[in-house]
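Visitor: Quick one: sequence and predicted model below, then my questions.
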Number of protein chains: 2
Amino acid sequence: MFSIGELSRRTGVKVPTIRYYEEMGLIAAAGRTSGNQRRYGRDELEQLGFIRHARDLGFPLGAISSLIELQRHPDRTCQEASDIAQAQLDDVRHKIARLKALETELGRIVDGCSGKGPPQECYVLASLSDHDMCKTEHGPDH
Amino acid sequence: MFSIGELSRRTGVKVPTIRYYEEMGLIAAAGRTSGNQRRYGRDELEQLGFIRHARDLGFPLGAISSLIELQRHPDRTCQEASDIAQAQLDDVRHKIARLKALETELGRIVDGCSGKGPPQECYVLASLSDHDMCKTEHGPDH
DNA sequence: CTAATCTCTCTAGGAACTAGAGCTTCAAGA
DNA sequence: TCTTGAAGCTCTAGTTCCTAGAGAGATTAG
């Protein structure tokens, strides 16, 4: 059994974040010492490792919650897990596509500016004022 | 002179967002009618278009604020604008690199799962439990 | 003049934490 | 055993960039 600080060190998840996850119901409420401090064991270490890894891969907490639910129900198939991962992959690809368009446009804007002149002649500012100067499409997110 | 709704329609920025920008000091407080409603003109239209475009390119409001400041000071050079845009570009490239690593890893995870078996044998869940199964690096965002 | 549509302010929520205040508990050394 | 300093506790508020809703007043078309 170890403390929240130790769990934090072993998983790389910050102490307040662990408490936050508990509050959100992502991890079960930990047992306490007589002095009201949380104590953890191997199970919680694994569970939090799972959450950490999924977060690193960009899964939102809601999705992680569903995955944890699934782990607890061995009677279901893993189709749901597969779907969640696929949705996450689609989301990542979508973001990449969008960021690449931004990269192109920003690259063009940065290249056009010497940084030497006065703001009135600044290519960066002019580009931002006039969407027609853009060569690629980039709408708002979503 | 036109209303906030009209400004919204013309710029694509939602009404509450315009009020929010005013509150944040990104746009000057608009003139009002006798009935206390905001009225806008050509200047505000341009200013908001600038903000909108910069937001579409992913600039945070703080950066946009700096760019607006710069526009108001013709005595300075546009070096600062150039730096801000460059920082934004770096940020975008950084995000792309990270997302590509995630794409690789998620693709591998999704491919490994048939969706048919029970959760105990699910490749998605197993991969998320065990970071060692990863072939690429992907830490947390910052 | 009335009805429908805006617009006003204010408050709260969302995602996923982070920071801080003020207090208690724990572990290790003297 | 006492003490000290680190670590833990709860609670609230702040972060970013908006979005949604309530309840009231303004404007405009017919």
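Guide: Yep, that arrived.
Visitor: For the rest of this, base every contact and every neighbour count on C-alpha atoms.
Guide: Fine.
Visitor: Mind pulling the model confidence for the residue nearest to the spatial centre of chain A?
Guide: Centroid-nearest residue in chain A, with CA atoms, centre = their mean: residue A:58, separated by 3.7 Å. Per-residue confidence (pLDDT) for residue A:58: 88.
Visitor: What does it show for phi and psi?
Guide: phi 90, psi 10 (degrees, to the nearest 10).
Visitor: which residues touch it?
Guide: The contact partners of residue A:58, taken as CA atoms under 8 Å, 6 or more residues apart in numbering or on different chains, are A:88, B:102.
Visitor: For the lengthiest helix in chain A, list every residue counted as buried.
Guide: Longest helix in chain A by number of residues (criterion: DSSP state H): helix A:79-111. For helix A:79-111, burial by neighbour count (16 or more other CA atoms under 10 Å in any protein chain shown) applies to A:79-82, A:84-86, A:88-89, A:92-93, A:95-96, A:98-103, A:105-110.
Visitor: Tell me if the least confident helix or strand in chain A by mean pLDDT is near chain B.
Guide: Lowest by mean pLDDT, DSSP states H and E among the helices and strands of chain A is helix A:123-129, with a mean of 86. Yes: contact of helix A:123-129 with chain B (CA under 8 Å from any CA of the partner chain) involves A:124, A:125, A:128, A:129.
Visitor: Please indicate which of the residues you listed are buried?
Guide: Looks like the residues of helix A:123-129 next to chain B have A:124, A:125, A:128, A:129 buried, using 16+ other CA under 10 Å.
Visitor: Which ones, among the residues you listed, also lie beside DNA strand C?
Guide: Within the set of those, contact with DNA strand C (CA under 7 Å from any atom of the strand) is found for no member.
Visitor: how about those in TSV, adding distance to residue B:1?
Guide: Output for these, formatted as TSV (distance: CA to CA, whole Å):
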residue	distance to residue B:1
A:124	29
A:125	26
A:128	24
A:129	21
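Visitor: Specify which member of those residues is nearest to DNA strand D.
Guide: Nearest to DNA strand D, judged by CA to the nearest atom of the strand, of those is residue A:128 at 14.9 Å.
Visitor: check contacts around that closest one.
Guide: Contacts of residue A:128 by CA under 8 Å, 6+ apart are B:50, B:51, B:53, B:54.
Visitor: Just among those, which is most surrounded?
Guide: Scoring the contacts of residue A:128 on neighbours with other CA atoms under 10 Å in any protein chain shown, the highest-scoring entry is residue B:51 at 25 neighbours.
Visitor: Now do the closest residue to DNA strand D within chain A: how many residues are near it, please.
Guide: Residue of chain A nearest DNA strand D, by CA to the nearest atom of the strand: residue A:5 (3.0 Å). A count of nearby residues for residue A:5, using other CA under 10 Å, gives 15.
Visitor: Give the buried residues for the helix or strand hosting it.
Guide: Residue A:5 belongs to helix A:4-11 when assigned by DSSP states H and E. Buried positions in helix A:4-11, judged by neighbour count with 16+ other CA under 10 Å: A:4, A:7, A:8, A:11.
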